[in-house]
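K.L.:
sequence and predicted structure below; questions after.
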Amino acid sequence: MNGSIEMTSFYNKEAGKEYLTGSVSNYLFYYDYDGNELYADDGGWTLGTDTISNISLFGTAWAW
């Protein structure tokens, strides 16, 4: 299964404000890796296996 992701809205209900305005590209992420541009909506993405684990960062651990 191939897929893609494109962010079309980023709306703050509490403030009543839409943050994605104008005609710029709204990629969920973009990355330039050694001249290879990767976009969230370029297709070819596959869903990996899910994993549940504790998060440990900066000397703090958050348990699941």
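P.N.:
Cool, the structure landed.
K.L.:
which residue, other than its chain neighbours, is closest to the residue nearest the centre of the chain?
P.N.:
Nearest to the geometric centre of the chain sits Leu28, at 4.5 Å (Cα atoms, centre = their mean). Spatial nearest neighbour of Leu28, excluding adjacent residues (Cβ to Cβ, 6 or more residues apart in numbering): Ala40 at 3.8 Å. Every C-beta, even on glycine, is put in place using the N, C-alpha and C of the backbone.
K.L.:
count of neighbours near that neighbour?
P.N.:
Other residues near Ala40 come to 16 when the count uses other Cβ atoms under 10 Å.
K.L.:
can you give me the strands in the chain?
P.N.:
Taking DSSP state E as the criterion, the chain carries its strands at 11-12, 17-18, 30-33, 36-39, 55-57, 60-62.
K.L.:
any chance of the ones you listed in JSON lines with mean pLDDT and mean neighbour count as columns?
P.N.:
Below are these laid out as JSON lines (pLDDT from 0 to 100; neighbours: other Cβ atoms under 10 Å):
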{"stretch": "strand 11-12", "mean pLDDT": "92", "mean neighbour count": "10"}
{"stretch": "strand 17-18", "mean pLDDT": "92", "mean neighbour count": "10"}
{"stretch": "strand 30-33", "mean pLDDT": "78", "mean neighbour count": "9"}
{"stretch": "strand 36-39", "mean pLDDT": "78", "mean neighbour count": "11"}
{"stretch": "strand 55-57", "mean pLDDT": "89", "mean neighbour count": "9"}
{"stretch": "strand 60-62", "mean pLDDT": "86", "mean neighbour count": "8"}
